[in-house]
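Quick check, what structure comes out for this input:
(chains A and B)
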Amino acid sequence: MREGMSTKSLVGRLVVLVAGMFGFGFLLVPIYDVMCDAFGINGKTNSSAYEDTGQTVDESRSVRVQFLSTNAQGMVWTFGPEGNELVMHPGETREMIFTAHNPTDRPMVAQAVPSVSPSKAAAYFHKTECFCFTQQTLQAGETVEMPVRFIVDPELPREVHRLTLAYTLFDITDRMAGPDVAAVHSN
Amino acid sequence: MSAVIDHHHADHAHGPAKGPMRWVLTTNHKDIGTMYLWFSFAMFLLGGTMAMVIRAELFQPGLQLVVPEFFNQMTTMHGLIMVFGAVMPAFVGLANWMIPMMIGAPDMALPRMNNFSFWLLPAAFGLLVSTLFMEGGGPNFGWTFYAPLSTTYAPPSVTFFIFAIHLAGISSIMGAINIIATIINLRAPGMTLMKMPLFVWTWLITAFLLVAVMPVLAGVVTMMLMDINFGTSFFSAAGGGDPVMFQHIFWFFGHPEVYIMILPAFGAVSMIIPAFSRKPLFGYTSMVYATAAIAFLSFVVWAHHMFTVGIPLTGELFFMYATLLIAVPTGVKVFNWVSTMFRGSLTFEAPMLFAVAFVILFTIGGFSGLMLAIAPADFQYHDTYFVVAHFHYVLVPGAIFGIFASAYYWLPKWTGHMYDEVLAKTHFWMSFVGMNLAFFPMHFIGLAGMPRRIPDYNMMFANFNMVSSIGAFMFGATQLLFLFIVIKCIKGGPKAAAKPWDGAEGLEWTVPSPAPYHTFSTPPEVK
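Numbers count the residues shown, from 1 in each chain, chains lettered A, B, ... in the order given. Sure thing, here's the model as predicted:
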């Protein structure tokens, strides 16, 4: 009827666009993770160990780091930090021990999800070692001490004087028991 | 497909098939358009009935009629049915009926796919409505189905909900592909893009929006399905996912979706106002570019729905400014509509009444949208009745009045009879008064802090809620009058001329009323 594309090839292109946008929906998942990591959006911190770059310690100022722990709905473990807070210099490496106890009579698996606030400071909070990088399995009645080692980047904006590191502990026993273990993100 | 058209070409007298199978097997754009419109009206009444349940419960403070669990299902299903079952299919029905006749095409480009995309809808909504009778009830997590409400805490019927959304989405995508192919490839000789009626233009842009975002909706419900049934953790923090990501992906679909529901109404109103002003549309070209600009901006504003989830300050600023920017092309449109009426020879038949009310009331909804777009202020308005007032002001006198205006404007072409003007004007005024009574007080109770989606409220909101409910009952009852008017118009009435509106322009008025089963088997010459 008119010059240009045939209906068949036009529809073909539109179908490709539809398939592409369906894929793009899933692509938004890694894009979201990358954006959150890069900009510390949503209080997300690094989800794998940070390599100590031997940065200088900025002794001219100190930062107060506070620790919080919460159990997600249905989680029965006793879980918490040894101390509520510590004061440190940016660039220094420090450690805090968290203790977890499984009071039930069966083995359970847990995943701790960290969050840092204020969220603009999240990108400057580096964990060199954290129990949140892996899942924790505790036998019935077992108690374990889990360290988290961290550095506050000397680049931390000067107006930030206080950081809060909050962990939420989730019960993932059912997930791990099923055939879906591989489907759980490693982070 | 062209074989079908060529066959009709050779056989002008060929009419509709006999018997009920006509409707099941039809590939005729007019038959399919009619089915879309009836389906959408049935869904409008069903979704409206749910709104009546909501307003009856909110008539007084305290819990009277329904338990909160059922109330949640009503608010959710009302939203889902109105968005996906009433407004979108109504515009697809109008597109089916009018686009081929407006561009001088014999039918849609893909008539068999057209049939399939319609018949998916009864399946989708049959499935969706059936969840109300399942154990644990239907969807109760709001039409936005935020995770984890729709995953971890969802009723067991949620898998049926997901499948229903998939079906409705496939239907919309096929409808959109069909419309694009029709507009690009089946225009009559001489019908250049910039000569197309605005309804065709706005639908072309809407169809591209549909093709771009409905797959993202399909993706997000697929992720929910996998989280619920296959142990993934897209939206579950315990497995490394993030529920906030659900909101980002949903609104990446959701914001273009709200323009999908309004752009075709812009197009219809842009044809009706010139017809009853007896003047050409003011600023045709700027209307086309404004529509395209609105569609483009709709992709970069989604996070204004989630200012309160804790996005960085730069993000809040970006999404706030981008959202406010949409007021510019929208303002161009309102300016053009008003300028078209300025010094026109106006008459106020029912289509024009709805169109003028559209311009005024949609603008009110636009202004409350600007208030919501201001990020710091949104922290007060978020999830209150102010939001409910805002989106009902853009959807009821926006999308739905646009559909009513279109229905009255083209009913003579569809049925061959004039509708009853007195009853139609009654329908308009009852709808106008009822809808304003229902939704205007919601601005005030929202600003005063009444949260949305809650079946009970503080005593201090009692009076305004009662007014709202009375207005809603009035609006709801009036729609039965509309049903009566349409049936009366189909059954009989004064014969309609080929062009019943003396100011109307367009190819659809060059064919007789009612439009023959096949039109433009020979393409018209457009000068």
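
what about the nearest residue to B:Pro412 once chain neighbours are set aside, distance to B:Leu193?
The shortest distance from B:Pro412 to any non-neighbouring residue, by C-beta to C-beta, 6 or more residues apart in numbering or on different chains, is to B:Ala496 (3.5 Å). Placement of C-beta: from N, CA and C, glycine included. B:Ala496 is 30 Å from B:Leu193, where distance means C-beta to C-beta, to the nearest Å.

And B:Pro16, by the same measure?
Distance from B:Pro16 to B:Leu193, by C-beta to C-beta: 32 Å.

again, but for B:Ala176
18 Å.

More neighbours: which of these two?
More crowded of B:Ala176 and B:Leu193, by other C-beta atoms under 10 Å in any protein chain shown: B:Ala176, with 26 against 12.

Please name every helix or strand in contact with whichever strand or helix holds B:Phe318.
According to DSSP states H and E, B:Phe318 maps onto helix B:313-325. Helix B:313-325 sits against helix B:350-373, helix B:375-381, with contacts defined as 3 or more C-beta pairs under 8 Å, 6 or more residues apart in numbering or on different chains; DSSP states H and E.

In CSV: those, plus distance to B:Pro514.
Converted to CSV, the helices and strands packed on helix B:313-325 look like this (distance: least, C-beta to C-beta, whole Å):
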stretch, distance to B:Pro514
helix B:350-373, 17
helix B:375-381, 48
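
Between the ones you listed, which one is closest to chain A.
Closest approach to chain A among the helices and strands packed on helix B:313-325 is made by helix B:375-381 (15.4 Å; C-beta to the nearest C-beta).

among the helices and strands packed on helix B:313-325, which is the most enclosed?
Greatest average neighbour count among these goes to helix B:350-373 (a mean of 21), per mean count of other C-beta atoms under 10 Å in any protein chain shown.

Okay, angle between that helix and helix B:313-325 too, please.
Note on geometry: by axes from the mean of the first three to the mean of the last three C-alpha atoms, to 10 degrees, helix B:350-373 and helix B:313-325 are set 160 degrees apart in direction.

Let's see helix B:350-373 as PDB, backbone CA atoms only.
Taking Å, rounded to 0.1, in the frame of the first residue of the first chain, the C-alpha atoms of helix B:350-373 are listed here in PDB:
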ATOM      1  CA  ALA B 350     -23.000  15.700  25.400                       C
ATOM      2  CA  PRO B 351     -19.600  15.000  23.800                       C
ATOM      3  CA  MET B 352     -18.500  18.600  24.200                       C
ATOM      4  CA  LEU B 353     -19.800  18.800  27.800                       C
ATOM      5  CA  PHE B 354     -17.600  15.800  28.700                       C
ATOM      6  CA  ALA B 355     -14.700  17.300  26.800                       C
ATOM      7  CA  VAL B 356     -14.900  20.700  28.400                       C
ATOM      8  CA  ALA B 357     -15.200  19.000  31.900                       C
ATOM      9  CA  PHE B 358     -12.200  17.000  30.900                       C
ATOM     10  CA  VAL B 359     -10.100  20.100  30.300                       C
ATOM     11  CA  ILE B 360     -11.100  21.700  33.600                       C
ATOM     12  CA  LEU B 361     -11.000  18.800  35.900                       C
ATOM     13  CA  PHE B 362      -8.000  17.100  34.400                       C
ATOM     14  CA  THR B 363      -6.100  20.400  35.000                       C
ATOM     15  CA  ILE B 364      -7.200  20.200  38.700                       C
ATOM     16  CA  GLY B 365      -5.700  16.700  38.800                       C
ATOM     17  CA  GLY B 366      -2.600  18.000  37.100                       C
ATOM     18  CA  PHE B 367      -2.200  20.700  39.700                       C
ATOM     19  CA  SER B 368      -2.500  18.300  42.600                       C
ATOM     20  CA  GLY B 369       0.100  16.200  40.700                       C
ATOM     21  CA  LEU B 370       2.500  19.100  40.800                       C
ATOM     22  CA  MET B 371       1.900  19.400  44.500                       C
ATOM     23  CA  LEU B 372       2.800  15.700  44.900                       C
ATOM     24  CA  ALA B 373       5.800  16.100  42.700                       C
END
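
average model confidence for that helix?
Here helix B:350-373 scores 96 as its mean pLDDT.

Which secondary structure elements does it sit against?
Secondary elements touching helix B:350-373 (3+ C-beta pairs under 8 Å, 6+ apart): helix B:243-277, helix B:313-325, helix B:327-341, helix B:375-381, helix B:385-394, helix B:401-415, helix B:421-447.

mind running it again at 6 Å?
Counting contacts by 3 or more C-beta pairs under 6 Å, 6 or more residues apart in numbering or on different chains; DSSP states H and E, helix B:350-373 is packed against helix B:243-277, helix B:313-325, helix B:327-341, helix B:385-394, helix B:401-415, helix B:421-447.

That helix relative to helix B:327-341, how many degrees between them?
Using the same axes, to 10 degrees: helix B:350-373 against helix B:327-341 is 160 degrees.

what's next to helix B:350-373, contact-wise?
Residues outside helix B:350-373 that contact it (C-beta atoms under 6 Å, 6 or more residues apart in numbering or on different chains): B:269, B:272-273, B:276, B:304, B:320, B:323-324, B:327, B:330, B:334, B:337, B:378, B:381, B:390, B:393-394, B:397-398, B:401-402, B:404-405, B:408-409, B:424-425, B:428, B:432.

In contact with whichever residue of the stretch 401-527 of chain B sits closest to chain A, which residues are there?
Proximity of the stretch 401-527 of chain B to chain A (C-beta to the nearest C-beta) peaks at B:Pro523, 7.2 Å away. By C-beta under 6 Å, 6+ apart, the contact list for B:Pro523 reads B:Gly104, B:Ala188, B:Pro189.

Could you check how many residues crowd around residue 107?
Using chain A here. For A:Pro107, using other C-beta under 10 Å, the count is 15.

Not quite, go with chain B.
The number of residues near B:Asp107, taken as other C-beta under 10 Å, comes to 24.

and it, what are its phi and psi?
Backbone torsions of B:Asp107, given as degrees, to the nearest 10, read phi -170, psi -170.

mind checking how far it is from B:Asn96?
Distance from B:Asp107 to B:Asn96, by C-beta to C-beta: 9 Å.

Also A:Gly80?
Taking C-beta to C-beta as the measure, A:Gly80 and B:Asn96 are separated by 63 Å.

re earlier: tell me who's in contact with the residue nearest to B:Pro412.
Neighbouring residues of B:Ala496 by C-beta under 6 Å, 6+ apart: B:Pro412, B:Gly416, B:His417, B:Met418, B:Ser513.
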